[in-house]
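[1] With the sequence up front, the predicted model follows.
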Protein chains: 2
Amino acid sequence: MSEAGIREFGDFRWEGVEHRPYKEEGSAPFRAISRQVLFGEAALGCELRYFEMEAGGYSTLERHEHMHGVMIFRGRGHCLLGSAVRAVTAGDLVTIPAWTWHQFRATAGEPFGFLCMVNHERDRPQLPTAAELAALRQVAEVAAFLDKK
Amino acid sequence: MSEAGIREFGDFRWEGVEHRPYKEEGSAPFRAISRQVLFGEAALGCELRYFEMEAGGYSTLERHEHMHGVMIFRGRGHCLLGSAVRAVTAGDLVTIPAWTWHQFRATAGEPFGFLCMVNHERDRPQLPTAAELAALRQVAEVAAFLDKK
């Protein structure tokens, strides 16, 4: 992958890029989401991944020390960011600083995908405890977001 | 910029992102190209920039030790990569390893833009010497690419 070259795009897949499960099954809660690593070379220092959800899919609700730089790439959906819920659409940028709770959901009845830039060296995500989840649910729009089908 | 938040996209600009000249005028040859830094936080380790050319515009022909991970984001054009010229279109990925000559040109009579991921710490680009340029021009399709209006 670190040879000079073009990898062609078509139908939200890339030539020579493996279309993988989002995470190992059972490792954390998620639904109907896939992962493609577009750039993963250690020499870059960062990775660029593309995550795509089917309608109704969602990523894991998590937080970690490393930050994410996200660009919505396909469709529309919502994201939880800290204790706020925001509608996002293709092209929008989402800054997820250290230790900020975050989750993406394909809420618009259509596939929803985003690019995520992340440091090559990074810590493992933390899942919310029952108490942390209850605290997040105190915000009505967060509870509605988490319960969205 | 490292606060949690959304920056909205519209017409190939982003809320709160400065639309800048590509490089300092006179520092290197280029034409009709702009730069927007979408993510530049040191904590990420990498930067994500968006470069856009008007029809007929081009980036600087250069090489450097650091590698680039590029995704074409808008339109169609051509890129020089080493000693090959390739047509590229929105969504395509371009891997530019260390010390590989590269240049992008908006050859399709329309605006042409790409995302470029690059390490936060990086060396300065080198321009070709007259001898290196003459060597590149030995390849007919490279000469045609460099002469394209």
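    Done, it's in.
[2] Work out the gap between the longest strand anywhere in chain A and the centre of the chain.
    In chain A, with assignment by DSSP state E, the single longest strand is strand A:46-58. Offset of strand A:46-58 from its chain centre (CA atoms, centre = their mean, to the nearest Å): 5 Å.
[3] In contact with the closest residue to residue A:109 other than its chain neighbours, which residues?
    In this structure, residue A:109 finds its nearest non-sequential neighbour in residue A:55, 5.0 Å apart by CB to CB, 6 or more residues apart in numbering or on different chains. The C-beta positions use only the backbone N, C-alpha and C, and glycine is treated the same way. By CB atoms under 8 Å, 6 or more residues apart in numbering or on different chains, the contact list for residue A:55 reads A:32, A:106, A:108, A:109, A:110, A:111, A:112.
[4] now residue A:55: how far from residue A:106?
    5 Å (CB to CB, to the nearest Å).
[5] For residue A:133, which three-state class applies?
    The three-state assignment at residue A:133 reads helix, by DSSP: H, G, I helix; E, B strand; the rest coil.
[6] repeat for residue A:109
    coil.
[7] burial count for it?
    Applying other CB atoms under 10 Å in any protein chain shown, we find 10 other residues in the vicinity of residue A:109.
[8] Could you pull out the strands in chain A for me?
    Under DSSP E, chain A gives strands at A:5-7, A:9-10, A:13-14, A:20-21, A:31-39, A:46-58, A:68-74, A:76-81, A:84-89, A:93-96, A:102-105, A:112-119.
[9] Pull the number of nearby residues for residue A:89.
    16.
[10] so it sits right up against residue A:73, yeah?
    No: between residue A:89 and residue A:73 there is no contact under CB atoms under 8 Å: 10.5 Å.
[11] what sits in contact with each of those two?
    Common neighbours of residue A:89 and residue A:73 (CB under 8 Å, 6+ apart) do not exist.
[12] Tell me the pLDDT of the residue lying closest to residue A:39 once chain neighbours are set aside.
    Leaving aside its chain neighbours, residue A:39 sits nearest to residue B:69 (3.6 Å; criterion: CB to CB, 6+ apart). Per-residue pLDDT puts residue B:69 at 97.
[13] Could you pull up the contacting residues of residue A:78?
    Counted by CB under 8 Å, 6+ apart, residue A:78 has contacts A:85, A:86, A:87, A:88, A:104, A:105, A:107, A:145, A:148.
[14] Leaving out chain neighbours, which residue sits closest to residue A:37?
    residue A:49 (5.3 Å).
[15] Is there a neighbour count for that neighbour? I'd like the number.
    19.
[16] So for stretch A:119-132, what gets flagged as buried?
    Going by neighbour count (16 or more other CB atoms under 10 Å in any protein chain shown), the buried part of stretch A:119-132 is A:119, A:125, A:128.
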